[in-house]
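[1] would you be able to build a 3D model of this:
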Amino acid sequence: MRTDSSPGTLPAREHLPAGDAGTPVLDVVIPVYNEEKDLQPCVRRLHEHLARTFPYAFRITIADNASTDTTPQVAARLEAELAQVRSFRLEQKGRGRALRTVWSASDAPVLAYMDVDLSTDLNALLPLVAPLISGHSDLAIGSRLARSSRVVRGPKREFISRAYNLILRGSLQARFSDAQCGFKAIRRDVAQVLLPLVEDTGWFFDTEMLVLAERAGLRIHEVPVDWVDDPDSTVHIVRTATDDLKGVWRVGKALATGSIALDRLARPFGDDPRDRDIEDLPRGLARQLLGFCVVGGLSTLFYLLLYSGFRTVAGSQTANALALLVSAVANTAANRRLTFGVRGRAGVVRHQAQGLVVFGIGLALTSGSLAALNAATSDPAHSTELAVLVAANLAATVLRFLLFRAWVFPDRRDGGTPAAPSAHGGAPTAGYAGTAAVRPGRPGPYGHQDRFQPAAHRPTAAHPPTTAHTAPRAEYAAAPTAPYGTGPYPTTPVRAGDAADRTWGDATMRMRPVRPHDQDSRNTR
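    Numbers count the residues shown, from 1 in each chain. This is a model prediction of the structure:
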């Protein structure tokens with residue numbers, strides 16, 4: 001799993017503005033492997049539906065996953081006959097690899113995919129992408145498990161699907177209802193920042209993408225669908241289930257250790273870009289106070305247990321110093337991650353060093369209170385010592401919060417621009433100044449830019465630029481790029497703040513009036 005910690009912040013969502021008529025609003029990707037029989041009728045049916053009912057320009061991209069039959073020839077023939085159809089071939093298998101490849105290179109602001117069998121009723125396509133076009137949501141998924149969905153499939157697949165989604169809810173705390181329905185869409189600005197974090201290249205790609213998006217606080221829209229199972233499906237259920245369980249374990253472990261840089265996916269609160277222009281406003285203060293109080297309460301209990309244990313073998317001052325030292329290290333680590341939203345190893349030594357300075361101040365307060373108690377009475381009771389220490393720790397806790405917020409984990413700003421908010425709605429990540437940009441990724445082994453990654457943030461003392469963010473891997477170093485439509489796709493760099501500045505015009509089009517027929521009367525599903 002990618003764990004590079006280049007910061008980034010997504011702009012506020014906006015309705016796609018009017019722009020160049022030549023750029024499609026929607027790019028629907030159909031990943032295929034040895035689908036020579038079903039590819040042509042399915043693509044023609046989808047093209048006819050979109051041409052008749054979809055109110056914006058569109059593109060259909062056939063992503064061939066190293067097929068060994070005549071699928072490439074069928075795809076090339078469809079591309080030649082239908083102006084809105086493109087074909088793209090990969091020499092390696094993997095649905096996730098195909099989606100990442102085409103989505104990363106597409107110039108359409110809304111990206112979608114569906115299975116070639118078109119098991120999902122096409123009348124759900126416009127409701128799927130409408131929240132992304134309007135700026136309401138970041139991702140959208142079709143759900144076969146919603147209450148109003150109508151599904152025709154066998155009991156075996158029904159059981160497997162529900163069991164898998166229950167596993168996701170229990171292990172990864174997923175709140176979306178259907179992870180593997182082959183009917184999803186995502187905004188391009190979100191995909192450019194989210195896809196580099198997704199490691200899987202197979203069937204688990206969907207689940208990993210949704211889990212990371214949900215953990216980052218992105219909005220996922222669900223559409224109940226009518227779905228008819230394809231009896232000729234070539235999916236290997238046992239192998240797919242095994243790979244999915246391995247993926248659940250890998251993602252759960254990465255989330256538990258905080259090794260995924262979800263902060264780059266944070267959005268400002270509200271959809272109005274002016275929300276980010278408010279200066280000198282404490283960000284996430286209520287949540288920080290709540291998190292700090294919880295961590296502080298647990299740290300106090302931990303401290304008292306340590307003090308009681310050390311007191312049996314040492315004097316009060318020694319026991320207090322040892323207990324406070326151990327609990328202070330744990331308290332700083334917990335507040336760093338849970339209260340102030342700082343993840344990864346960058347700056348951890350500096351934060352602990354500053355935390356020890358705060359510990360010294362707390363030690364002076366608690367030691368001074370014990371000294372005052374011993375001066376007042378020669379043999380104080382153990383309960384009296386604990387009461388005095390609790391009062392001193394409360395005073396030290398207030399001071400610790402103020403120092404943590406203002407000094408150890410400050411809300412750094414650069415030229416009046418707030419730092420990137422954390423992915424879970426808390427304070428901005430310390431050391432991140434200003435908004436980040438999205439730059440083209442490294443050229444991939446298929447001759448295209450197959451990954452996007454955020455541009456390196458402005459260097460600060462805490463976060464100097466490193467070669468890990470800039471040096472390309474050897475296998476990506478020499479691959480060329482080619483114009484769109486003649487081979488591999490070019491990439492279009494998009495600055496993450498362009499949408500908020502109303503300058504995002506490279507991936508939009510002039511909106512057409514809605515056609516009068518928005519239902520597919522010939523679709524019987």
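[2] now do the SS call for the residue of the chain positioned farthest from its centre.
    The C-alpha centroid of the chain is most remote from S378, which lies 59.3 Å away (Cα atoms, centre = their mean). Here S378 is recorded as coil under DSSP: H, G, I helix; E, B strand; the rest coil.
[3] ok, now V151?
    Secondary structure, three-state DSSP: V151 is strand.
[4] residues contacting it?
    144, 158, 226-229 (Cβ atoms under 8 Å, 6 or more residues apart in numbering). All C-beta spots, glycine's among them, are computed from the backbone N, C-alpha and C.
[5] from those residues, which ones fall inside helices?
    E158 (DSSP state H).
[6] and the residue nearest to the spatial centre of the chain, what helix or strand is that in?
    Ranked by distance to the mean C-alpha position of the chain (Cα atoms, centre = their mean), the top residue is A213 at 3.5 Å. Assigned by DSSP states H and E, A213 belongs to helix 205-215.
[7] just checking, which helix or strand succeeds that helix along the chain?
    Immediately after helix 205-215, counting by DSSP H and E, sits strand 220-224.
[8] residues contacting the residue nearest to the centre of the chain?
    138-139, 190, 194, 220, 265.
[9] so what's the residue count around the nearest residue to V390 once chain neighbours are set aside?
    Closest residue in space to V390, ignoring its immediate chain neighbours: T300 at 7.3 Å, by Cβ to Cβ, 6 or more residues apart in numbering. Per other Cβ atoms under 10 Å, the neighbour tally for T300 reads 17.
[10] quick one: mean pLDDT over the one helix or strand T300 maps to.
    Secondary-structure assignment from DSSP H and E places T300 in helix 285-311. Averaging the model's pLDDT scores along helix 285-311 yields 84.
[11] list the buried residues for that helix?
    Residues of helix 285-311 classed as buried by neighbour count (16 or more other Cβ atoms under 10 Å): 287-288, 291-292, 295-296, 299-300, 302-304, 306-307, 310-311.
[12] centre of the chain versus the next helix or strand after it, how much separation?
    Downstream of helix 285-311, the next assigned helix or strand under DSSP H and E is helix 316-334. Distance, stretch centre to chain centre, for helix 316-334: 35 Å (Cα atoms, centre = their mean, to the nearest Å).
[13] angle of helix 316-334 against helix 285-311?
    150 degrees (axes from the mean of the first three to the mean of the last three Cα atoms, to 10 degrees).
[14] returning to what we had before: and the helix holding T300, what does it pack onto?
    Counting contacts by 3 or more Cβ pairs under 8 Å, 6 or more residues apart in numbering; DSSP states H and E, helix 285-311 packs against helix 316-334, helix 382-403.
[15] same thing but at 10 Å, please
    Other helices and strands packing on helix 285-311, by 3 or more Cβ pairs under 10 Å, 6 or more residues apart in numbering; DSSP states H and E, are helix 316-334, helix 348-376, helix 382-403.
[16] show me what V29 bridges to in the sheet.
    T61, Y113 (DSSP bridges).
[17] distance from the helix holding T300 to the middle of the chain?
    Centroid separation for helix 285-311 versus its chain: 31 Å, with Cα atoms, centre = their mean.
[18] coming back round to it: would you mind listing which of the contacts of A213 are buried?
    138-139, 190, 194, 220, 265.
[19] show me those that map onto helices.
    190, 194.
[20] now the buried ones among the contacts of A213 as a markdown table including distance to L126?
    Listed next are the buried ones among the contacts of A213 as a markdown table, based on distance: Cβ to Cβ, whole Å:
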| residue | distance to L126 |
| --- | --- |
| D138 | 18 |
| L139 | 16 |
| V190 | 20 |
| L194 | 23 |
| I220 | 18 |
| L265 | 26 |
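[21] element containing F88, please.
    Counting by DSSP H and E, F88 is part of strand 85-90.
[22] packing partners of that strand?
    By 3+ Cβ pairs under 10 Å, 6+ apart, strand 85-90 packs against strand 26-32, helix 39-53, strand 58-65, helix 71-81, helix 95-105.
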